[in-house]
Every structure is written in structure tokens, then in C-alpha cells.
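Novice: predicted coordinates and the sequence they were generated for:
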Amino acid sequence: MTTTELCNLLEIEYPVLQGGMAWIADAPLAAAVSNAGGLGLIAAGVSSAEYVSEQIKEARRLTDKPFGVNIMLMSRNAEAIAELVAKEKVAVVTTGAGSPSPYIKLWIDAGIKVIPVVASTGLAKMAQRWGATAVIAEGSESGGHIGETSTMALVPQVCDAISLPVIAAGGIADGRGIAAALMLGAAGVQVGTRFLVAHECSVHQNYKDKIIKAKDIDTVATGKRLGHPIRSLKTPFSRELYSKEYDSNISNQELEALGKGALKLAAEEGDLQQGLFMAGQIAGLIKEEQSAQAIIETLMSEAQATLSRAASWAN
Ligand code: TUI
């Protein structure tokens, strides 16, 4: 599967999917990415089916290009949203933070292209058996909920394990990252953190400022003890969460309660004290706010330049 074949499959111009960032990726961002030739995604996160329904309507008003919905499977609204997207026949569904097996048939019967995020070859093989269209192999460099294995190690192993197109994610924010992902066997990429600073991204300005200021070592993964590690920017709050994980006087319930609502506080209010600013390890590479179109154009021209240079190494 080449990048062009993936583009044909998804009816997009460039093999760039936008990450399904909960509380952040809404209709204006998804439509801007799709209008720029990538695949925009509305993040359902923990929102209600009514919210997602409104966002789908709004995205259809803002673009005539295909876009998708990302369903966070740990959400108690996942089933209602799974039914909604089937009814609405959105072009693409991506899933995260769990196994989409209960819903795949429903979506395929509705003509939806189904692209689960996987963090292991095991789930990738199952996704292929269930009839998925492609998978997103998401490495632990990513922001938000993460698996164990890094992108560099995960992507080629997933490519060897299945015959579906593989979209690489985690640690990709420029054209070098795209070129590297293609060299690992991927047919496309998913980019999250870089689209956080898109002009069309409605996230609070404090969030964007923190991404632009971040350095290479400025993220931390918390919540390992709870079984769902989350990568976010280092802040006094995320450091506190991290240290409390090693405090045996604190129960899992207390730890869970501490993090509740913290992503919303960061995204909507830019709360520098109690917000959790989810971001990938590549945040340190991101230096400016740009339109979604400028981001995609920059990514693709850098990737082309990198790939052309690489050809000379083969002689
Ligand atoms: O889902 C994500 N990233 C996310 S979701 C999110 S919202 C949230 N809020 C509060 C608590 C938790 C999440 C923020 N960031 N990425 C996709 C992803 N999926 N990464 C890793 C996985 C994954 C991990 C294990 C998918 C499946 C899996 O195993 C499934 C199984 O049950 O076998």
C-alpha cells in the first residue's frame, strides 16, 4: 500500500490524518484539515452523542470533503456515539483506548471506513480479522492515552503482522517524521500535537503557548498504576500526579479522581494550575502557530525534500 493508494482509499489528497484529540478536535479543526487535503477528525472524547451530532452537522456545513469521528472507547457514551455515526454514515471512524470489536460490523454495514488505533500487533491482527479498513499504529511518544511501545518499534512490527494499510502515529510533527514513517512501511501518518497550534484549533491560547514553549524533555506519562497511562506536558499538577502514583497511602480511586476533568480545564480554560495539557513528545519541535493548510503544505514539502535526498543514499 503506497501513500497514493491510501489517499485513493480515503478520498483525500495527502496521507495525513489529524489526531482525535478529546475536548480539542471539533468541527472547525476537522473541516480545516479536510479542506487542506488531509483527513480531519471530530473527537467524541467523553462528550455526549448530542454534541457529536451537532459537530457532524457543523463539519458538513464547513466542508464537502470527507472527514471522520474519533470514538474514545473508554467513554460511557461510546455505544450511543457508535450508533450515531452509523446513522449519519460518516466517511471514517477511528477508535482509541480500547477494542472496537462490538461496533465494527455495524459500521462496515453502514459503509463506514473503520480505522482502529492499535498499540500492539495483537490488536492489529484482530482488527484485520474483524474487517477494519486500516489501522493506526500509535507509539508511546504520542500525547494522551498511550501504549507501551515506541513508534519506531511498533510501526514496522504492525506492518509485518497484517496486510492492511498502516498509519503511523506518535512523534510525527514534520516532514522528516513523515518520511521516516513511510520508510518503516506506513502508508500514511496521524498528526496530533502539531494541529493543536493550528489557527482553526479552538483550544485555549495558554495550551498553544505551552506547546510552542515546550522542549524535548517536557512531557511525562502519568496514570501507569491505573492501567491507562496518559502523556501530558510537565506542569506542577502533572508532576504531583506522577509522584502520587508512587505513594502507597493514596488509593487508585483517589488517584483517578485527581485527574478527572483536568483535560477539559486545560483545553477550555487554559487552567495552568489544575489543567492536564496532553501533548506528544514531539511538542519541542513545534515553533509556530499556522493555519491547518500551511501545516499540511509544510509537512508535505518537507517530506518530499527528505525523501528526494534519501534516494541518493541508495547508490
Ligand atoms: O485514545 C488515545 N488517546 C487519548 S484518549 C484520551 S481521553 C481520555 N480521558 C481520560 C482518560 C483516558 C482517556 C486522551 N488521549 N489514543 C489511542 C490509543 N489507543 N492509544 C493507545 C490505545 C490503545 C491501547 C490499548 C488501544 C487499545 C488497547 O487495547 C485494547 C484492548 O482492550 O485490547
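Specialist: Perfect, I can see it now. Quick caveat, the model's predicted, so the values are computed rather than measured. Numbers count the residues shown, from 1 in each chain.

Novice: which parts of this structure are helices?
Specialist: 3-10, 27-35, 49-62, 78-88, 104-109, 121-130, 151-161, 175-183, 193-196, 205-213, 236-245, 252-259, 262-264, 292-311 (DSSP state H).

Novice: once you drop chain neighbours, what's closest to the residue of the chain found nearest the ligand?
Specialist: In the chain, the residue that lies nearest the ligand is residue 144 (2.2 Å; Cβ to the nearest ligand atom). Heads up, the C-betas are built off the backbone N, CA and C, glycines and all. The shortest distance from residue 144 to any non-neighbouring residue, by Cβ to Cβ, 6 or more residues apart in numbering, is to residue 278 (4.4 Å).

Novice: for that neighbour, grab the count of nearby residues.
Specialist: 28 (other Cβ atoms under 10 Å).

Novice: which ones are touching it?
Specialist: For residue 278, the contacting residues are 21-22, 143-144, 230-233, 263, 266, by Cβ atoms under 8 Å, 6 or more residues apart in numbering.

Novice: wait, isn't residue 188 in contact with residue 9?
Specialist: No - look at residue 188 against residue 9 with Cβ atoms under 8 Å: they stay out of range, at 9.5 Å.

Novice: which neighbours do those two share?
Specialist: residue 165.

Novice: who are the contact partners of residue 225?
Specialist: 245, 252, 255.

Novice: mind checking how far it is from residue 96?
Specialist: With distances taken as Cβ to Cβ, to the nearest Å, residue 225 is found 20 Å from residue 96.

Novice: next: residue 20.
Specialist: 6 Å.

Novice: give me the number of residues near residue 287?
Specialist: Residue 287, neighbours per other Cβ under 10 Å, totals 10.

Novice: contacting residues around the closest residue to it other than its chain neighbours?
Specialist: Leaving aside its sequence neighbours, residue 287 sits nearest to residue 212 (Cβ to Cβ, 6+ apart; 6.5 Å). Contacts for residue 212 (Cβ under 8 Å, 6+ apart) come out as 197, 286-289.

Novice: again, but for residue 115
Specialist: 17, 68, 92-95, 132-136, 167.

Novice: likewise for residue 280?
Specialist: Going by Cβ under 8 Å, 6+ apart, residue 280 touches 141-143, 170-171, 173, 192-193, 219, 231.

Novice: residue 194 now?
Specialist: Contacts for residue 194 (Cβ under 8 Å, 6+ apart) come out as 173-174, 282, 286, 295, 299.
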